[in-house]
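1. Using only what follows, build the 3D model:
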Amino acid sequence: MRRAGGAIALAQCARLAGRGCPRAGALGSVVFLLLVAEPTLARSWSFALTVSASGALVLAATQPARAWRRLLLVAAPGLATWPLLVVLTGRLAPWGVVVTWPLLPFLAPTLACGWIAVLAPESGPAWLVSAAGGLSRALAALLIVSIETVARWPGSGLLARPVGPVWVGVCEIGLAGLLLARERRWRVGFAALVTASSLLPIFPRGTARADPTSASLVTIDVGQGQAVLAVAGRHAVLIDAGDDRVQSAREAVLTELQRRGIRQLAALVVTHADRDHSGGARLVLAATPPNWIGVPASVLRHPDARVWLDEAVARGVAVRRLARGERFSAGSIRGLVLNPLSGDDQSGNDTSLALWLRAGDLSVWIAGDNGHAVEGRLLGEGRLPIVDLLVAGHHGSDTSSSGAFLDALRPSRALISCGIDNRFGHPDPAVIGRLRARNIRTWTTDASRTMSICFDEAGRLRQSQPGIEGSARN
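-> Sure thing, here's the model as predicted:
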């Protein structure tokens, strides 16, 4: 509102002074004055998006050819903001510009009717307020349904190849040239530049041939939730996806996948249906489509999970029901499911998957929110392996990681995923005490953020993420 008001006020002042006010000059002056008044806007993505879209409209309006000008006025804002959105979100929206065209005519009446319903005086006709409000809600619902439908189209939400400010500059310069060009040959040249530069984030980044024996286990900092990434060579398996209700959790998972250049997962395994473990699955499904999804029976029955499971099936992604005895593999990543039992149709924490995972030479135990009952059954069956690394169950709650369980697994390292100052008190001091008493070096995501464990060339376990050394809880 301030930016639009500033532009209008500047234009009116120029007219009162008897001078014309070019659109580009007005926009530039308003941008300058706003930056002088509030320098922090220079770091605002919202401000950058507004300026780029407004600038594109101003340049498009200078075209003398009426038909060409109309086409550019519709397409220019989307083309101008596309590079910034790719850098901001790290994801692709290839259908955005195309879908904007048929939806634009509905936007003005949606806003106009909404403002009428909000600003109409109380003494005004009630039928007018009711009709305007109803029409605005109906049109808004149409827009939302359309956008959600497009979000499920192939390619929507995919992780983009990492790009930087140079790429953004090339895109914006190419678009400015296209909007200002008067001759056909120049339009064609700049259109080719815009097209070529816009396609760059779609293509995967070239990488050296990965060592298939190299492997690491990453506990991603998703706050009070869990997301564990196993990587071996070119293969990656994500176990749990964090909480979609927390923006930092959504960003953390996608950022880690993008940082590692992972454009497709070998598998997405969800240990149970709680939102702090499964909520981010829908986002991951769109951003880095897995070859298959593995879940216990309790997730298949959960109404929230059915939303993204049905979407996975619609995308052609296989969904596997996992129970004790099931095995899976991706390159040198191999997994064995030890919980829940095959006929277990209950729900709750103890129906979480318990996984013995091997990533290269690294042996890992990963559980969802399993408690002492599951641990006791596995101890009684004598089915527990000796592992290098433990991802503690239930975020370090005292309901898991019993002393006998730790003695059987004998890990030398432990990772605990929990949020800063969480209301559950995770990790429980008793659990930390049991780990410390057994000389198990332990890191928590609330203190150390995202952490990675792997073997170095000498065969020793090491921590490779910044901020890990010195922050162990022992």
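2. What is the end-to-end distance of stretch 200-218?
-> Start-to-end span of stretch 200-218 (CA to CA, to the nearest Å) is 28 Å.
3. model confidence over that stretch, on average?
-> Regarding stretch 200-218, the rounded mean pLDDT is 63.
4. If we ignore the residues flanking it in sequence, what's nearest Trp356?
-> Using CB to CB, 6 or more residues apart in numbering and skipping the chain neighbours, the partner closest in space to Trp356 is Leu336 (4.6 Å). In this view, the C-beta of every residue, glycine as well, is placed from N, C-alpha and C.
5. so how far is the helix or strand harbouring the one you found from its chain's centroid?
-> Counting by DSSP states H and E, the element that carries Leu336 is strand 333-339. Distance of strand 333-339 from the chain centroid (CA atoms, centre = their mean, to the nearest Å) equals 26 Å.
6. Could you list the residues in contact with it?
-> The contact list for strand 333-339 (CB atoms under 8 Å, 6 or more residues apart in numbering) reads 215, 230, 232, 235, 237, 266, 269, 322-329, 350-360, 367, 370, 374, 378, 383-384.
7. ok, now stretch 81-94?
-> Under the contact criterion CB under 8 Å, 6+ apart, stretch 81-94 has outside partners 45, 48-49, 52-53, 96-97, 155-160, 162-165, 167-168, 171-172, 197-198, 201-202, 254-255, 258, 287.
8. Leu257 touches Pro289, doesn't it?
-> No. With contact defined as CB atoms under 8 Å, Leu257 does not count as touching Pro289 (11.6 Å).
9. Between those two, which is the more surrounded one?
-> Taking neighbours as other CB atoms under 10 Å, Leu257 and Pro289 compare with Leu257 leading, 24 against 20.
10. Can you tell me, leaving aside adjacent residues, what's nearest to that one?
-> Using CB to CB, 6+ apart, the nearest residue to Leu257 is Thr288, at 5.4 Å.
11. Asp388 now?
-> Excluding the flanking residues, the one nearest Asp388 by CB to CB, 6+ apart is Ser363, at 4.9 Å.
12. Likewise for Arg413?
-> When the adjacent residues along the chain are set aside, Arg413 lies closest to Leu389, with 4.8 Å between them (CB to CB, 6+ apart).
13. What's the separation between the one you found and Ala414?
-> Separation of Leu389 from Ala414 (CB to CB, to the nearest Å): 7 Å.
14. Between the two, which has more neighbouring residues?
-> Set Leu389 next to Ala414 and count neighbours by other CB under 10 Å: Ala414 wins out with 29 against 23.
15. looking at this, the more buried one is in a strand?
-> Yes. The assignment for Ala414 is a strand, going by DSSP: H, G, I helix; E, B strand; the rest coil.
16. Enumerate every residue touching it.
-> Ala414 makes contact with Leu389, Leu390, Val391, Ala392, Leu435, Ile440, Arg441, Thr442, Trp443, according to CB under 8 Å, 6+ apart.
17. burial count for Ser412?
-> By other CB under 10 Å, the residues close to Ser412 number 14.
18. State the distance from it to Val431.
-> Between Ser412 and Val431 the distance is 17 Å, computed by CB to CB.
19. thought the residue nearest to Leu257 was touching Ile262?
-> Yes. With contacts counted by CB under 8 Å, Thr288 reaches Ile262, the gap being 5.9 Å.
20. Overlap in contacts, those two.
-> Any residue near both Thr288 and Ile262 by CB under 8 Å, 6+ apart counts here, and that gives Leu159.
21. so where do the helices sit in the stretch 151-300 of the chain?
-> Assigned by DSSP state H, counting those that start in this stretch, the helices in the stretch 151-300 of the chain fall at 165-180, 184-199, 247-259, 275-278, 281-287, 297-301.
22. any idea which helix or strand carries Thr442?
-> Using DSSP H and E, Thr442 sits in strand 441-444.
23. what mean pLDDT does the next helix or strand after that strand have?
-> Tracing the chain past strand 441-444, the next element assigned as helix or strand by DSSP H and E is helix 445-448. The average pLDDT within helix 445-448 is 89.
24. same question, stretch 259-269
-> Stretch 259-269 comes out at a mean pLDDT of 90.
25. how about Ala160, what does it touch?
-> Counting by CB under 8 Å, 6+ apart, Ala160 makes contact with Val86, Gly90, Arg91, Leu92, Pro201, Ile202, Gln258.
26. for Arg187, that is, sorry about that
-> If a contact means CB under 8 Å, 6+ apart, then Arg187 has Leu178, Ala181 as its contacts.
27. next one: the one 4 residues further on
-> Shown in contact with Ala191 (CB under 8 Å, 6+ apart): Leu178.
28. Please tell me how far it sits from Val253.
-> In terms of CB to CB, Ala191 sits 36 Å off from Val253.
29. How many neighbouring residues does Val319 have?
-> Residue crowding around Val319 was assessed by other CB under 10 Å; the count is 15.
30. Can you get me a residue count around the nearest residue to it once chain neighbours are set aside?
-> Among residues not flanking Val319 along the chain, Ile293 sits closest, at 5.0 Å (CB to CB, 6+ apart). Neighbour count of Ile293, defined by other CB under 10 Å: 25.
31. before we move on, what about Leu180?
-> Leu180 has 14 neighbours, counted by other CB under 10 Å.
32. Between its first and last residues, what's the separation in stretch 326-340?
-> 10 Å.
33. Name the residues of it that are buried.
-> Within stretch 326-340, the residues scored as buried using 16 or more other CB atoms under 10 Å are 326, 328, 330-340.
34. and the residues you listed as CSV, adding pLDDT and distance to Ala314?
-> Shown next, in CSV, are the buried residues of stretch 326-340 (pLDDT from 0 to 100; distance: CB to CB, whole Å):
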residue, pLDDT, distance to Ala314
Glu326, 94, 24
Phe328, 95, 23
Ala330, 92, 23
Gly331, 90, 27
Ser332, 91, 31
Ile333, 94, 27
Arg334, 95, 29
Gly335, 95, 26
Leu336, 95, 30
Val337, 95, 26
Leu338, 94, 31
Asn339, 91, 30
Pro340, 91, 27
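35. tilt between the helix or strand where Gly114 lies and helix 184-199?
-> Using DSSP H and E, Gly114 falls within helix 96-119. Using axes from the mean of the first three to the mean of the last three CA atoms, to 10 degrees, the direction of helix 96-119 lies 80 degrees away from that of helix 184-199.
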